[in-house]
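Novice: quick one, what's the 3D model for this:
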Amino acid sequence: MTPLRIALLSPFPPLKGGIARFSEELRRAFEAAGCEVAPVPFRRLYPRWLMKGRSATESGYANLPDTPLALDLMNPLSWLLSARRLRASRADMLLVACWSGILAPLTAVMRRVSGLPTVVLLHNFTSHESIPGESMLKRLLVSSSDGFITLSRAVESELRSFAPASRTLSLFHPVYERQSVPPSKADARRALDLPDTAKVLLFFGYIREYKGVDTLLEAMASVARRDDSVRLVIAGEFILDPGRFREYAEQLGVTGKVDFRVGYVPAGEVATLMAAADAIVLPYRSATQSGIVSLALGHGVPVIACNAGGLGDQVEHGRTGWLVREEGAEALAAGILDFFRERVHLLLAEGITDACRRTSWREFASQAAKFLEQISLE
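Specialist: Sure, this is the predicted structure:
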């Protein structure tokens, strides 16, 4: 039987970020499932002025190997060139990773010019930060797609509310497995200069407004009054001004309880951060799903999360973590204290192992490939 040939349009390494890593893992999983995958990578995602102060790979510039399919999101002429080359290729299907409405015009051009059946891998249907004309862009995306694969029921529900007739496959965010052997908890804490006896929380990833880091700092002030042993590490790249959060921590009197590690975290340091943590904490105000949950579970670390959007699907209360069902800093503080009081972090290994089995890349690729093949044959 002829293997399914998939053109996968997405950021790929060496670009940084969750979407790039997701797509590289998916490419490997598709190939392991017997598909042929032709990456359609980005050379540039953002204008330089917007990402001032960041390295090329952090800001969306990639020194890629010579590939005729690479495109520039800021240059529509490159869309046309890439689409024409796809039209002449052996691809059966175009799969487009989408996390913002700004990708709708690109998707429309690629589908029309390449002539390929097009499925959108929908990380988010509504952009994290509002953009002008988003409703119009959503309509364009829906009209330019033959189907959608979503990573959470929350995204599927939002899509169906907007476009009830859309053909969709609702899957999950697969678990990221460890990339290296982790250090022991004691060694990891020594490396990070954290007390051996502390209860360590980790916030990891890009720091954006919707992720609620200010709420987390408020919660830490409340936690510290009742349990002096809790420490918080905030590690990642700040899209917002980090000075704002340092000042807020000082105002709240938790400077000695919070360790800011500002900047993109290289893959080699992730295992140390994860090994040092008793739990990952996600104080998000809104979310569709989170790659950080998948990263944490793949490292065997439970997650304390606000029950926002699709996080309730990813974090199983009492099995893979602890869900805070009410909003606000006091509710989050109570959830953190309950998590440690019930010693939940010592009891979740079986639930995390089961979740990793059910949400593997192999299972994701198998189900996605069947859906893509059905559409390609119609």
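Novice: which stretches in this protein count as strands?
Specialist: Chain-ordered strands for the chain, with DSSP state E as the definition, fall at 5-9, 36-40, 42-44, 71-72, 93-98, 118-122, 147-150, 168-170, 199-204, 230-236, 258-262, 279-282, 303-306, 321-324.
Novice: residues in contact with the fourth one?
Specialist: Taking contacts as CB atoms under 8 Å, 6 or more residues apart in numbering, the residues outside strand 71-72 that touch it are 9, 40-44, 78-79, 81-82, 106. All C-beta atoms are positioned from the backbone trio N, CA, C, and that covers glycine.
Novice: that one pairs with which strands, parallel or anti?
Specialist: For strand 71-72, sheet partners with direction are given as strand 42-44 (parallel), following DSSP bridges.
Novice: got the buried residues for the strand it pairs with?
Specialist: Of the residues in strand 42-44, 42-44 count as buried by neighbour count, 16 or more other CB atoms under 10 Å.
Novice: show the pLDDT at the most centrally placed residue in the chain.
Specialist: Closest residue to the average C-alpha location of the chain: residue 291 at 3.3 Å, with CA atoms, centre = their mean. Predicted confidence (pLDDT) for residue 291: 89.
Novice: ok, the one 10 residues further on next?
Specialist: Residue 301 is assigned a pLDDT of 94 by the prediction.
Novice: re the thing from before, need the strands of the chain in JSON lines (columns: distance to residue 269).
Specialist: As requested, the strands of the chain are exported to JSON lines (distance: least, CB to CB, whole Å):
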{"stretch": "strand 5-9", "distance to residue 269": "28"}
{"stretch": "strand 36-40", "distance to residue 269": "26"}
{"stretch": "strand 42-44", "distance to residue 269": "25"}
{"stretch": "strand 71-72", "distance to residue 269": "31"}
{"stretch": "strand 93-98", "distance to residue 269": "26"}
{"stretch": "strand 118-122", "distance to residue 269": "28"}
{"stretch": "strand 147-150", "distance to residue 269": "31"}
{"stretch": "strand 168-170", "distance to residue 269": "34"}
{"stretch": "strand 199-204", "distance to residue 269": "11"}
{"stretch": "strand 230-236", "distance to residue 269": "8"}
{"stretch": "strand 258-262", "distance to residue 269": "9"}
{"stretch": "strand 279-282", "distance to residue 269": "15"}
{"stretch": "strand 303-306", "distance to residue 269": "20"}
{"stretch": "strand 321-324", "distance to residue 269": "23"}
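Novice: OK, contacts around residue 254?
Specialist: Taking CB under 8 Å, 6+ apart, we find residue 254 in contact with 217, 220-221, 224, 232.
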